[in-house]
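Peer 1: Okay, sequence plus prediction incoming.
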Amino acid sequence: MFTMHPTLLVGPADWDPVRMPKEEFLGRIAAFWRACDPEISGAIVYGDARNHAELAYLTHFTPKLEPAIALIGRAGAPRLLVGGGVNMLAAAKPLTWIEELLPLRDAGAVVGRWRTELGSQDFALLNGDAMPYGLRQSIATTLGTPTDMTETVAAAMRHKSMRELALMREACATLDATKAGDWRGPM
């Protein structure tokens, strides 16, 4: 039997602050900044339905249909630019701890305003190789050539915090109980 591969990510994706508190993400971001050159004042983190590991690691947001970009400065609150227009902002809100959500369209102009706010010339880019050409060019026009820091975050993702290890053990226990036919979780 042949089946179609799903084209939409499915499953629960809402951010649960009890299971993964905001402090966990802030700690990841702080570790990222410690690994960066002190001249870098902002990071642009790209994610889409296929390439979203770095974005999810830092924001808990996993794009399902259209891409997203997180703007994370050394100072100030991060922002998340969400694909799909203004109509998607309310749907995206429960998926992340980031409070300021904006539409992704005209990302170059939004990044330009953010750059002015930060007053900097040096930026990091995460997952830029996955960006569509036009989007990458609009950001490059605004910022020049940001420093690729994707591997820095990828390396950090391989080291698990105590909370991450506990959640992984819980997931494994759930899988074991499911395989044994003993799982009594929500249906």
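Peer 2: Perfect, I can see it now.

Peer 1: and the end-to-end length of stretch 16-28?
Peer 2: End-to-end distance of stretch 16-28: 17 Å, with CA to CA, to the nearest Å as the criterion.

Peer 1: Compute the number of surrounding residues for the residue lying closest to residue 46 once chain neighbours are set aside.
Peer 2: Counting by CB to CB, 6 or more residues apart in numbering, residue 127 is the residue found nearest to residue 46 once chain neighbours are left out, at 4.4 Å. For glycine as for every other residue, the C-beta is placed from the backbone atoms N, C-alpha and C. Using other CB atoms under 10 Å, residue 127 has 23 neighbouring residues.

Peer 1: With residue 27 instead?
Peer 2: Residue 27 - counted by other CB under 10 Å - has 13 other residues nearby.

Peer 1: Helix or strand for it, just tell me which one.
Peer 2: According to DSSP states H and E, residue 27 maps onto helix 22-35.

Peer 1: OK, contacts around residue 50?
Peer 2: The contact partners of residue 50, taken as CB atoms under 8 Å, 6 or more residues apart in numbering, are residue 130.

Peer 1: ugh, wrong one, I meant residue 61
Peer 2: The contact partners of residue 61, by CB under 8 Å, 6+ apart, come to 47, 52, 55, 68, 70, 80, 82, 92, 95, 96, 98.
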